[in-house]
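[1] model the structure of this input:
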Amino acid sequence: MYNIDMNNVKNIVADIVSRHTVENVAFVGCGASKAELYPGKYFLDHNAKKLRAYHFTANEFNTDTPAWLGENTVVISASLGGTTPETVRANAVAKEAGATVVSVTHAAGSALTKDADHVIVHGFEANYAAKLEKMGYVMALAVELMQQTEGCPIYEQMLAGFDAIFELAENSANAARKAAKEFAVKYADAPVVYVMSSGASAEVAYSTSICLMMEMQWINSGSFHSGEFFHGPFEIVDKDVPFILLMNDGKTRSVDARALTFLNRFDALTTVVDAKDYGLGGVVPSNVATFFDPMLHTAVFRVYAEELSYVRQHPLTKRRYMWKLEY
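    Take a look at the predicted model:
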């Protein structure tokens, strides 16, 4: 069953389209939240014929605000705790320009809700599926905006996907524990870890690198699109150089597979989290599996990060700078 309230999403979008002609959808956030906004943007990029989708880190949105921002724009912002200063400011910038703001947060009544026209409060702590609710709501908003503005030919399949993905992700995360423990032992002393993926999961690779590795484990890391692997990054491949590949079950699978073949050719230390191994295409309608890869990857790799933190005796909550000093 849904971990998200689709009726709430439908009502929010119905209210917006009754008041405005929606032409642009801007997804605005920072860090992990920025990455969790990306699947919604990716969905519109690859399906909408009229709606234009954009994706911003919040401080750039604030300092180099796009000229098209106005009453025909819906800004979807996200912040887990609802206090990220740049994203809070982005809501105000959007409102000042006349845009409609929908904010997705775990914290009801937080600063992020102040300038929002609509607020969605999501879960987080309960289990691995709950940690996907922010991403799920954002993508649901994208799907519903397309459906109610220009029509969405794959609407029913997307709804079926939402109905199945949370249970699958929870089960997959729990099933990944053994593989995650093996990963943790192999990567515990890695001086650097590279992460890549493609399609809708491209920014899951990004957030895995900048958040789970750099922020939460203080491990040097870099990320790149699997399609860019052969245009620079593959020059550092050598025996035992650590890579993580989030492999997609969908239209960009061949892009990931080409990179994997090269990694194996030179015996790189490679960990593959393959959505196909967890049966994504057999549970979610196969023609929309591409859009649900990031939810599965996010749930499963959270377990990998947890196990890595246990072996390294470095809790995922440990910080040197974040929230501890002015920056």
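[2] model confidence for the nearest residue to L212 once chain neighbours are set aside, exactly?
    Leaving out its chain neighbours, the residue that sits closest to L212 by Cβ to Cβ, 6 or more residues apart in numbering is A305, at 4.4 Å. For the C-beta atoms, the positions are set from N, CA and C on the backbone; glycine is no exception. Here, the pLDDT recorded for A305 equals 98.
[3] show me the contacts for A305.
    With contacts defined as Cβ atoms under 8 Å, 6 or more residues apart in numbering, A305 is in contact with T208, L212, M216, Q217, L316.
[4] got it, and P191?
    Per Cβ under 8 Å, 6+ apart, neighbours of P191: N220.
[5] compare the contacts of A305 and tell me which is most surrounded.
    When neighbours are taken as other Cβ atoms under 10 Å, the top entry among the contacts of A305 is T208 (29 neighbours).
[6] surely it touches I219?
    No. Between T208 and I219 there is no contact under Cβ atoms under 8 Å: 10.9 Å.
[7] all helices of the stretch 101-250 of the chain, in order?
    133-149, 155-175, 177-187, 202-207, 216-217 (DSSP state H, counting those that start in this stretch).
[8] now the ones you listed in a markdown table, please, with extra columns for distance to K50.
    Shown next, in a markdown table, are these (distance: least, Cβ to Cβ, whole Å):
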| stretch | distance to K50 |
| --- | --- |
| helix 133-149 | 7 |
| helix 155-175 | 15 |
| helix 177-187 | 43 |
| helix 202-207 | 24 |
| helix 216-217 | 40 |
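[9] in CSV, list those along with distance to A78 and mean pLDDT.
    Shown next, in CSV, are those (distance: least, Cβ to Cβ, whole Å; pLDDT from 0 to 100):
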stretch, distance to A78, mean pLDDT
helix 133-149, 6, 98
helix 155-175, 17, 97
helix 177-187, 26, 98
helix 202-207, 12, 98
helix 216-217, 19, 98
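[10] tell me where the model's unsure across the protein.
    Where the chain drops to pLDDT under 70, the residues are 1-2.
[11] hey, which helix is longest across it?
    Longest helix in the chain by number of residues (criterion: DSSP state H): helix 289-312.
[12] which of the residues in it are buried?
    289-309 (16 or more other Cβ atoms under 10 Å).
[13] nearest residue to the middle of the chain?
    E36 (2.7 Å; Cα atoms, centre = their mean).
[14] state the distance from W218 to P315.
    Distance, W218 to P315, by Cβ to Cβ, to the nearest Å: 11 Å.
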